[in-house]
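Undergrad: This is a predicted model, with the sequence first.
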Number of protein chains: 2
Amino acid sequence: MIEADIFKALADPTRRKVFEKLAGGSLNASALRDGLEISQPAMSQHLAVLRAAGLVREQRQGRFVNYEVDPDGIASIGTWLARYRAYWPKRIEALADLLKDMDQ
Amino acid sequence: MIEADIFKALADPTRRKVFEKLAGGSLNASALRDGLEISQPAMSQHLAVLRAAGLVREQRQGRFVNYEVDPDGIASIGTWLARYRAYWPKRIEALADLLKDMDQ
DNA sequence: CCGACACATAAGCATACACTTATGTGTCGC
DNA sequence: GCGACACATAAGTGTATGCTTATGTGTCGG
(Lines give C-alpha, C1' and ligand atoms only; values in the text may rest on other atoms or scores of the structure.)
Protein backbone atom coordinates (compact mmCIF):
# COMPACT_ATOMS: atom_id res chain seq x y z
CA MET A 1 0.00 0.00 0.00
CA ILE A 2 1.76 3.10 -1.30
CA GLU A 3 -0.82 5.47 0.16
CA ALA A 4 0.23 4.48 3.63
CA ASP A 5 3.79 5.62 2.99
CA ILE A 6 2.65 8.82 1.34
CA PHE A 7 0.33 9.97 4.10
CA LYS A 8 2.77 8.92 6.80
CA ALA A 9 5.49 10.88 5.05
CA LEU A 10 3.34 13.99 4.78
CA ALA A 11 2.11 13.71 8.35
CA ASP A 12 5.39 15.15 9.59
CA PRO A 13 5.60 18.97 9.48
CA THR A 14 9.32 19.03 8.73
CA ARG A 15 8.87 16.70 5.77
CA ARG A 16 6.05 18.86 4.42
CA LYS A 17 8.34 21.89 4.62
CA VAL A 18 11.05 20.00 2.75
CA PHE A 19 8.57 18.92 0.13
CA GLU A 20 7.33 22.48 -0.27
CA LYS A 21 10.91 23.70 -0.72
CA LEU A 22 11.46 21.14 -3.44
CA ALA A 23 8.32 22.32 -5.17
CA GLY A 24 10.29 25.51 -5.90
CA GLY A 25 13.04 23.57 -7.62
CA SER A 26 15.54 20.83 -6.96
CA LEU A 27 17.94 21.25 -4.06
CA ASN A 28 20.61 19.17 -2.39
CA ALA A 29 20.33 17.90 1.17
CA SER A 30 22.44 20.67 2.69
CA ALA A 31 20.53 23.43 0.95
CA LEU A 32 17.30 21.90 2.21
CA ARG A 33 18.55 22.32 5.78
CA ASP A 34 18.68 26.11 5.46
CA GLY A 35 16.05 27.73 7.62
CA LEU A 36 15.09 24.44 9.23
CA GLU A 37 16.88 23.91 12.51
CA ILE A 38 17.57 20.28 12.03
CA SER A 39 20.65 18.06 12.14
CA GLN A 40 22.17 16.59 9.00
CA PRO A 41 21.20 12.99 9.84
CA ALA A 42 17.66 14.07 10.58
CA MET A 43 17.37 15.62 7.14
CA SER A 44 18.86 12.54 5.56
CA GLN A 45 16.31 10.35 7.32
CA HIS A 46 13.43 12.60 6.30
CA LEU A 47 14.57 12.51 2.70
CA ALA A 48 14.76 8.73 2.85
CA VAL A 49 11.15 8.60 4.04
CA LEU A 50 9.99 10.98 1.31
CA ARG A 51 11.86 8.98 -1.30
CA ALA A 52 10.48 5.65 -0.06
CA ALA A 53 7.00 7.15 -0.37
CA GLY A 54 7.67 8.10 -3.99
CA LEU A 55 7.27 11.79 -3.24
CA VAL A 56 10.80 12.82 -4.16
CA ARG A 57 13.58 11.34 -6.20
CA GLU A 58 17.32 11.86 -6.04
CA GLN A 59 19.96 12.55 -8.62
CA ARG A 60 23.57 12.12 -7.62
CA GLN A 61 25.84 14.92 -8.83
CA GLY A 62 29.39 14.48 -7.64
CA ARG A 63 29.37 14.47 -3.89
CA PHE A 64 26.04 16.28 -3.83
CA VAL A 65 22.69 14.61 -4.07
CA ASN A 66 20.03 16.70 -5.70
CA TYR A 67 16.45 16.03 -4.69
CA GLU A 68 13.37 16.93 -6.66
CA VAL A 69 9.64 16.37 -6.49
CA ASP A 70 8.62 13.05 -8.01
CA PRO A 71 5.49 13.47 -10.15
CA ASP A 72 4.56 9.87 -9.40
CA GLY A 73 3.91 10.74 -5.76
CA ILE A 74 1.74 13.67 -6.77
CA ALA A 75 -0.11 11.38 -9.14
CA SER A 76 -0.76 8.87 -6.36
CA ILE A 77 -2.37 11.53 -4.21
CA GLY A 78 -4.38 12.74 -7.15
CA THR A 79 -5.76 9.32 -7.98
CA TRP A 80 -6.54 8.67 -4.32
CA LEU A 81 -8.35 11.98 -4.07
CA ALA A 82 -10.27 11.21 -7.24
CA ARG A 83 -11.98 8.31 -5.47
CA TYR A 84 -13.77 10.84 -3.32
CA ARG A 85 -14.77 13.06 -6.15
CA ALA A 86 -18.43 12.70 -5.25
CA TYR A 87 -17.64 14.86 -2.24
CA TRP A 88 -15.56 17.46 -3.98
CA PRO A 89 -17.17 20.80 -3.27
CA LYS A 90 -17.96 23.14 -6.15
CA ARG A 91 -14.93 25.32 -5.43
CA ILE A 92 -12.60 22.42 -6.10
CA GLU A 93 -14.19 21.79 -9.47
CA ALA A 94 -13.76 25.48 -10.13
CA LEU A 95 -10.14 25.26 -9.05
CA ALA A 96 -9.55 22.40 -11.43
CA ASP A 97 -10.96 24.51 -14.24
CA LEU A 98 -8.75 27.45 -13.38
CA LEU A 99 -5.64 25.32 -13.26
CA LYS A 100 -6.46 23.75 -16.57
CA ASP A 101 -6.95 27.16 -18.16
CA MET A 102 -3.61 28.35 -16.81
CA ASP A 103 -2.01 25.42 -18.54
CA GLN A 104 -2.78 26.80 -21.99
CA MET B 1 -2.14 24.03 10.53
CA ILE B 2 -5.07 21.96 9.34
CA GLU B 3 -2.99 19.96 6.88
CA ALA B 4 -1.08 18.43 9.76
CA ASP B 5 -4.29 16.98 11.21
CA ILE B 6 -5.46 15.77 7.82
CA PHE B 7 -2.32 13.91 6.88
CA LYS B 8 -1.89 12.51 10.38
CA ALA B 9 -5.46 11.28 10.28
CA LEU B 10 -5.01 9.61 6.90
CA ALA B 11 -1.66 8.11 7.90
CA ASP B 12 -3.47 5.40 9.86
CA PRO B 13 -4.69 2.46 7.75
CA THR B 14 -7.78 1.85 9.89
CA ARG B 15 -8.85 5.47 9.54
CA ARG B 16 -8.38 5.33 5.77
CA LYS B 17 -10.62 2.25 5.67
CA VAL B 18 -13.25 4.06 7.71
CA PHE B 19 -13.03 7.07 5.45
CA GLU B 20 -13.38 4.88 2.38
CA LYS B 21 -16.47 3.24 3.87
CA LEU B 22 -18.00 6.63 4.46
CA ALA B 23 -17.32 7.55 0.85
CA GLY B 24 -19.99 4.99 0.00
CA GLY B 25 -22.55 6.74 2.17
CA SER B 26 -23.12 7.81 5.75
CA LEU B 27 -22.92 5.18 8.48
CA ASN B 28 -23.10 5.11 12.25
CA ALA B 29 -20.18 4.13 14.45
CA SER B 30 -21.35 0.54 14.98
CA ALA B 31 -21.91 -0.09 11.29
CA LEU B 32 -18.43 1.23 10.59
CA ARG B 33 -17.00 -1.46 12.84
CA ASP B 34 -18.30 -4.25 10.60
CA GLY B 35 -15.44 -6.04 8.92
CA LEU B 36 -12.83 -4.16 10.88
CA GLU B 37 -11.71 -6.11 13.93
CA ILE B 38 -11.57 -3.21 16.26
CA SER B 39 -13.07 -2.37 19.64
CA GLN B 40 -15.84 0.16 20.06
CA PRO B 41 -13.66 2.70 21.88
CA ALA B 42 -10.98 2.39 19.23
CA MET B 43 -13.50 3.24 16.54
CA SER B 44 -14.79 6.13 18.59
CA GLN B 45 -11.26 7.49 18.94
CA HIS B 46 -10.55 7.11 15.23
CA LEU B 47 -13.74 8.95 14.38
CA ALA B 48 -12.76 11.73 16.76
CA VAL B 49 -9.44 12.11 14.95
CA LEU B 50 -11.12 12.16 11.53
CA ARG B 51 -13.64 14.71 12.74
CA ALA B 52 -10.96 16.93 14.29
CA ALA B 53 -9.17 16.87 10.95
CA GLY B 54 -12.32 18.03 9.19
CA LEU B 55 -12.51 14.86 7.12
CA VAL B 56 -15.84 13.64 8.48
CA ARG B 57 -18.78 15.22 10.25
CA GLU B 58 -21.36 13.73 12.53
CA GLN B 59 -25.10 13.99 12.72
CA ARG B 60 -26.82 12.79 15.85
CA GLN B 61 -29.95 10.72 15.21
CA GLY B 62 -31.49 9.46 18.39
CA ARG B 63 -28.97 7.31 20.13
CA PHE B 64 -27.07 6.73 16.90
CA VAL B 65 -24.47 9.07 15.48
CA ASN B 66 -24.27 9.07 11.73
CA TYR B 67 -20.96 9.96 10.19
CA GLU B 68 -20.39 11.22 6.67
CA VAL B 69 -17.54 12.56 4.56
CA ASP B 70 -17.00 16.27 5.10
CA PRO B 71 -16.40 18.00 1.75
CA ASP B 72 -14.30 20.62 3.56
CA GLY B 73 -11.63 18.03 4.28
CA ILE B 74 -11.60 16.92 0.68
CA ALA B 75 -11.32 20.53 -0.35
CA SER B 76 -8.32 21.06 1.93
CA ILE B 77 -6.46 18.19 0.32
CA GLY B 78 -7.40 19.48 -3.10
CA THR B 79 -6.08 22.98 -2.45
CA TRP B 80 -2.91 21.59 -0.91
CA LEU B 81 -2.37 19.36 -3.92
CA ALA B 82 -3.01 22.30 -6.24
CA ARG B 83 0.13 23.99 -4.91
CA TYR B 84 2.15 21.28 -6.57
CA ARG B 85 0.33 21.43 -9.84
CA ALA B 86 3.56 22.17 -11.69
CA TYR B 87 4.48 18.56 -11.00
CA TRP B 88 1.17 16.99 -11.92
CA PRO B 89 1.90 14.45 -14.58
CA LYS B 90 -0.12 14.46 -17.79
CA ARG B 91 -2.32 11.60 -16.65
CA ILE B 92 -3.58 13.64 -13.73
CA GLU B 93 -4.58 16.46 -16.00
CA ALA B 94 -6.36 13.85 -18.09
CA LEU B 95 -8.03 12.50 -14.97
CA ALA B 96 -9.23 15.95 -14.02
CA ASP B 97 -10.77 16.27 -17.47
CA LEU B 98 -12.49 12.92 -17.19
CA LEU B 99 -13.93 13.72 -13.80
CA LYS B 100 -15.19 17.03 -15.01
CA ASP B 101 -16.90 15.40 -17.95
CA MET B 102 -18.54 12.82 -15.70
CA ASP B 103 -20.00 15.69 -13.74
CA GLN B 104 -22.24 16.76 -16.61
C1' DC C 1 -37.81 5.25 36.56
C1' DC C 2 -34.91 1.58 34.78
C1' DG C 3 -32.47 -1.62 32.09
C1' DA C 4 -30.56 -1.89 27.48
C1' DC C 5 -28.27 0.15 24.01
C1' DA C 6 -24.97 3.49 21.21
C1' DC C 7 -21.35 6.03 21.81
C1' DA C 8 -17.67 8.95 24.31
C1' DT C 9 -14.07 9.49 27.63
C1' DA C 10 -10.37 7.98 31.06
C1' DA C 11 -6.35 5.57 32.26
C1' DG C 12 -2.72 2.45 31.37
C1' DC C 13 0.45 0.17 28.25
C1' DA C 14 3.23 -1.35 24.16
C1' DT C 15 4.93 0.09 19.89
C1' DA C 16 6.25 3.54 16.37
C1' DC C 17 8.68 7.48 15.29
C1' DA C 18 11.58 11.62 15.19
C1' DC C 19 15.44 13.15 17.25
C1' DT C 20 20.27 12.89 18.92
C1' DT C 21 25.52 11.53 18.68
C1' DA C 22 28.76 8.54 16.56
C1' DT C 23 30.45 6.33 12.66
C1' DG C 24 30.46 4.65 7.74
C1' DT C 25 30.57 5.54 2.57
C1' DG C 26 31.73 7.97 -1.37
C1' DT C 27 33.64 12.08 -3.94
C1' DC C 28 36.50 16.01 -4.49
C1' DG C 29 40.93 18.99 -4.44
C1' DC C 30 45.66 19.03 -3.34
C1' DG D 1 47.04 8.93 -0.86
C1' DC D 2 44.90 12.12 2.31
C1' DG D 3 42.15 15.50 4.49
C1' DA D 4 37.80 17.81 3.73
C1' DC D 5 33.35 17.61 2.47
C1' DA D 6 28.33 15.74 1.46
C1' DC D 7 25.57 12.47 2.73
C1' DA D 8 23.96 7.79 4.68
C1' DT D 9 23.54 4.53 8.34
C1' DA D 10 23.69 2.74 13.27
C1' DA D 11 22.34 2.87 17.91
C1' DG D 12 20.11 4.89 21.71
C1' DT D 13 16.34 7.79 23.80
C1' DG D 14 12.06 10.57 24.80
C1' DT D 15 7.54 11.27 23.16
C1' DA D 16 3.48 10.43 20.39
C1' DT D 17 0.03 7.20 19.18
C1' DG D 18 -3.11 3.34 18.85
C1' DC D 19 -4.67 -0.21 21.46
C1' DT D 20 -6.93 -2.22 25.58
C1' DT D 21 -10.36 -2.38 29.76
C1' DA D 22 -13.26 0.32 32.66
C1' DT D 23 -16.46 3.81 33.24
C1' DG D 24 -19.32 7.92 31.95
C1' DT D 25 -23.11 10.20 29.09
C1' DG D 26 -27.19 10.29 26.62
C1' DT D 27 -31.32 8.06 24.39
C1' DC D 28 -34.76 4.68 23.83
C1' DG D 29 -38.57 1.17 25.08
C1' DG D 30 -41.38 -0.75 28.63
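TA: Structure received.

Undergrad: What's the local residue count around A:L22?
TA: 23 (other CB atoms under 10 Å in any protein chain shown). All C-beta atoms are positioned from the backbone trio N, CA, C, and that covers glycine.

Undergrad: Can you verify my assumption that it contacts A:E68?
TA: Yes: with contact defined as CB atoms under 8 Å, A:L22 counts as touching A:E68 (6.0 Å).

Undergrad: how about the helices in chain A?
TA: Listed in chain order, the helices of chain A (DSSP state H) span A:2-11, A:13-23, A:29-33, A:40-52, A:71-82, A:90-102.

Undergrad: export these to CSV and tack on mean pLDDT?
TA: Below are these laid out as CSV (pLDDT from 0 to 100):
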stretch, mean pLDDT
helix A:2-11, 95
helix A:13-23, 97
helix A:29-33, 96
helix A:40-52, 98
helix A:71-82, 92
helix A:90-102, 61
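
Undergrad: With B:R83 as the reference, name the closest of those.
TA: B:R83 sits nearest to helix A:13-23 of all these, at 6.7 Å, using CB to CB.

Undergrad: Name the residues of that closest one that come out as buried.
TA: Residues A:R15, A:R16, A:V18, A:F19, A:K21, A:L22 are the ones in helix A:13-23 that count as buried (16 or more other CB atoms under 10 Å in any protein chain shown).

Undergrad: what does stretch A:51-69 give?
TA: Buried positions in stretch A:51-69, judged by neighbour count with 16+ other CB under 10 Å: A:R51, A:A53, A:G54, A:L55, A:V56, A:R57, A:E58, A:N66, A:Y67, A:V69.
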